[in-house]
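Student: Okay, here's the prediction I keep looking at, along with the sequence it came from:
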Amino acid sequence: MPELPEVETIRRDLEKIITKKILIKVQVKTPILIKKPKIDEFIYKLKNILITGVTRRGKYIIIHFDTMDSLIIHLGMSGRFEYTSSNELPSKIFKKQQKHNHLFFFFKDRSRLIYNDVRKFGKIWLLEKGENLPRIENLGFEPLDEEFNFDKFYKLLVDSTKNIKQLLMDQKIIAGIGNIYANEILFNSRIHPLRKTYSLSEDEAKKIYLNIKRILVDAINLRGTTMVDESYVDLQGNTGSYGGTLNVYGKKNDTCPVCGNPLKIIRIENRSTFVCSKCQK
DNA sequence: AAAGTAACCTGCCCGC
DNA sequence: TGCGGGCAGGTTACTT
């Protein structure tokens, strides 16, 4: 499910809502999702502590506490958070899937946050002060950071033997782009996903670079992409509206919105890849 | 070393 | 109406 725009939308909402709340306790229904530390310690440490902020790295959400511990969450394919204030009932959308509620956070003001995940591909770690997680240390550029400038992007392309879609989706190179946005970035750039990165001209690279930034920003502004199954919704159960602006992703049996040519589906690293072979060279 | 495949899960859609 | 196969916003581990 969630790629950078969806994760960032959730992060921003979480930051607004839970920062400065006191976490009274957590309840774990599905211990397998907790990767670190052992479950007893996990529950023991997440008691009576203050939330000081919520950040993001790639597709990971990081909740910070006054103890200097931090909770890292990867939503996998279907992880979602549901927030309810003290007197609210769960919203309709979450009610349908209550059996997939796995983790409950109870706050001092009687509000609560639930981690829900149909497929259970999500993963959660609680790190103590100074501890780090290799998979986060190994992430590549944060694509919306200023530090990720065109020269650095172009150098990535020159140095790689991958095709451009593989590169865009490689979290160790650029963090946060998944299958939806890789498809959209390449269609909007009119570049075929199988092009070897070293074969791209500076002009072509520039188009891709600008589309990475533009499409991710646009998608955040529209609060992400919700597909029909609603495995991505925000904390209140609301859908994102970037889906309405998708050009190719998920458009099976559809035609190119630019030239009318039927879209083709190819598989790259076993992921469906939608391409207009007339427009994308 | 790169590239392919299976594994982790549940649900939905399609064709027979 | 039911059953089996394939597919889904992700990532890792294990093969070739």
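Tutor: Noted; the coordinates are in hand.
Student: Could you give the number of residues near the nearest residue to residue A:226 once chain neighbours are set aside?
Tutor: Closest residue in space to residue A:226, ignoring its immediate chain neighbours: residue A:239 at 3.7 Å, by Cβ to Cβ, 6 or more residues apart in numbering. (Glycine included, C-beta is placed from N, CA and C.) Using other Cβ atoms under 10 Å, residue A:239 has 17 neighbouring residues.
Student: Distance check, residue A:239 against residue A:80.
Tutor: 12 Å (Cβ to Cβ, to the nearest Å).
Student: Overlap of the contact sets of these two?
Tutor: A:232-233 (Cβ atoms under 8 Å, 6 or more residues apart in numbering).
Student: near DNA strand B, which residues of the stretch 1-150 of chain A show up?
Tutor: Contacts of the stretch 1-150 of chain A with DNA strand B, taken as Cβ under 7 Å from any atom of the strand, map to A:32, A:99-100, A:118-121.
Student: Name the member of the residues you listed with the most neighbours.
Tutor: residue A:100 leads these on contacts (other Cβ under 10 Å) with 19 neighbours.
Student: pLDDT at that residue, what is it?
Tutor: Looking at residue A:100, its pLDDT is 96.
Student: can you map out the helices along the stretch 51-200 of chain A?
Tutor: Taking DSSP state H, counting those that start in this stretch as the test, the helices found in the stretch 51-200 of chain A are A:92-95, A:134-137, A:150-159, A:164-169, A:179-189.
Student: could those go into TSV alongside distance to residue A:267 and mean neighbour count?
Tutor: Converted to TSV, these look like this (distance: least, Cβ to Cβ, whole Å; neighbours: other Cβ atoms under 10 Å):
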stretch	distance to residue A:267	mean neighbour count
helix A:92-95	31	14
helix A:134-137	25	11
helix A:150-159	23	15
helix A:164-169	11	23
helix A:179-189	11	24
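Student: Can you tell me the closest non-neighbouring residue to the residue of the stretch 51-200 of chain A found nearest DNA strand B?
Tutor: Proximity of the stretch 51-200 of chain A to DNA strand B (Cβ to the nearest atom of the strand) peaks at residue A:119, 3.3 Å away. Leaving aside its sequence neighbours, residue A:119 sits nearest to residue A:78 (Cβ to Cβ, 6+ apart; 4.4 Å).
Student: With residue A:205 instead?
Tutor: Nearest to residue A:205 is residue A:154, by Cβ to Cβ, 6+ apart, at 5.0 Å.
Student: where are the low-confidence patches of chain A?
Tutor: A:1 (pLDDT under 70).
Student: what's the burial count for the nearest residue to residue A:73 once chain neighbours are set aside?
Tutor: Nearest residue to residue A:73, sequence neighbours excluded (Cβ to Cβ, 6+ apart): residue A:61, at 4.6 Å. The number of residues packed near residue A:61 is 24, by other Cβ under 10 Å.
Student: so what's residue A:61 up against?
Tutor: With Cβ under 8 Å, 6+ apart, residue A:61 has these contacts: A:7, A:10-11, A:14, A:54-55, A:72-75.
Student: What subset of the residues you listed is buried?
Tutor: A:7, A:10-11, A:14, A:54, A:72-75 (16 or more other Cβ atoms under 10 Å).
Student: For DNA strand C, state which of the residues you listed is nearest.
Tutor: residue A:74 (6.0 Å).
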